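1. what follows is a protein structure lacking sequence information:
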């Protein structure tokens, strides 16, 4: 692994660039570098691996992935953060690509190629939308793993088991052809500013897809089954041809 350059504390980076987490963008910055290193280690050895990151902000998780030896492509829509990220790129020559834009509008596969890991402290306002998009990829997917920070309530819905109160659409979509687990819980006090809720990191790896089921059909069934929880399941599924056969 290349030698790691000395970097200033993240608090100093934030102060120097006048960065303040924007509520409208769902931002909450993680500054504990030991915690960030633990998150970057969840996918396994990143030496020489390609990483796609969404919403790097001042670059805390980005620098952890770079220190672990990864080649990182980061998409950030907050232009205030771009200078700090460019400084980080200069410290790791040729290993960080920063794209200013909306991650919802990016073709991640085209940017990083097959076999990349997706690692992100996801903005709360777009996290589940991005997750469903990645889970809907043709199987096996182009990504090697997903290591994603969510609100703890959302994380528990992703890994919920049948019969539990949290079991629903996200659990079905995440688990029918992949393995999902909560790799780490993160206290609200670890963030700047502290959010009102606890967070958790979910790790998802692809598995073999069951035969005879397609994603569009599964998505329609889960939307019907869990869209109106007070409604009888048989009534909800009547609108889907063949669902009750």
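-> Received it, and whenever you're ready, just let me know what you need. From a predicted model like this one, the values you see are computed outputs, not experimental measurements.

2. check which residues of stretch 181-199 are buried.
-> 183-184, 186, 190-192, 195, 199 (16 or more other C-beta atoms under 10 Å). The way it works is simple: take the backbone N, C-alpha and C, and place the C-beta from them, glycine included.

3. over to stretch 49-67?
-> Buried residues in stretch 49-67 (16+ other C-beta under 10 Å): 49-67.

4. check stretch 79-98 too.
-> Across stretch 79-98, burial judged by 16+ other C-beta under 10 Å covers 81-82, 84-85, 87-89, 91-92, 95-96, 98.

5. now stretch 123-141
-> 123-124, 126-128, 130-131, 134-135, 141.

6. now do the contacts for residue 127.
-> Residue 127 makes contacts with 26, 148-151, 154, as judged by C-beta atoms under 8 Å, 6 or more residues apart in numbering.

7. returning to what we had before: which of the buried residues of stretch 123-141 sit farthest apart?
-> Farthest pair in the buried residues of stretch 123-141 (C-beta to C-beta) is 124 and 141. Separation: 23.7 Å.

8. ok so, going back, what's the closest of the buried residues of stretch 79-98 to residue 43?
-> The closest of the buried residues of stretch 79-98, once distances to residue 43 are taken by C-beta to C-beta, is residue 95, at 16.7 Å.

9. my guess is the closest one contacts residue 73, does it?
-> No - under the criterion of C-beta atoms under 8 Å, residue 95 is not in contact with residue 73, lying 10.0 Å apart.

10. okay, now the unreliable bits of this protein?
-> 1-3, 24-26, 225, 227-245 (pLDDT under 70).

11. give me the residue at the spatial middle of it.
-> residue 148 (3.2 Å; C-alpha atoms, centre = their mean).

12. how about it, secondary structure?
-> Three-state call for residue 148 (DSSP: H, G, I helix; E, B strand; the rest coil): strand.

13. wait, what's in contact with it?
-> 118-120, 122, 127, 131, 201-202, 204.

14. the same query, at a cut-off of 7 Å, please.
-> Residues in contact with residue 148, defined by C-beta atoms under 7 Å, 6 or more residues apart in numbering, are 120, 122, 127, 131, 201-202.

15. quickly list what residue 30 is bridged to.
-> Beta-bridge partners recorded for residue 30 (DSSP bridges): residue 191.

16. returning to that earlier point: from the contacts of residue 148, which land in strands?
-> Assigned to strands by DSSP state E, the following of the contacts of residue 148 qualify: 120, 201-202.

17. dump the residues you listed into JSON lines; add neighbour count and distance to residue 113 as well.
-> Below are the ones in strands among the contacts of residue 148 laid out as JSON lines (neighbours: other C-beta atoms under 10 Å; distance: C-beta to C-beta, whole Å):
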{"residue": "120", "neighbour count": "26", "distance to residue 113": "17"}
{"residue": "201", "neighbour count": "22", "distance to residue 113": "24"}
{"residue": "202", "neighbour count": "25", "distance to residue 113": "23"}
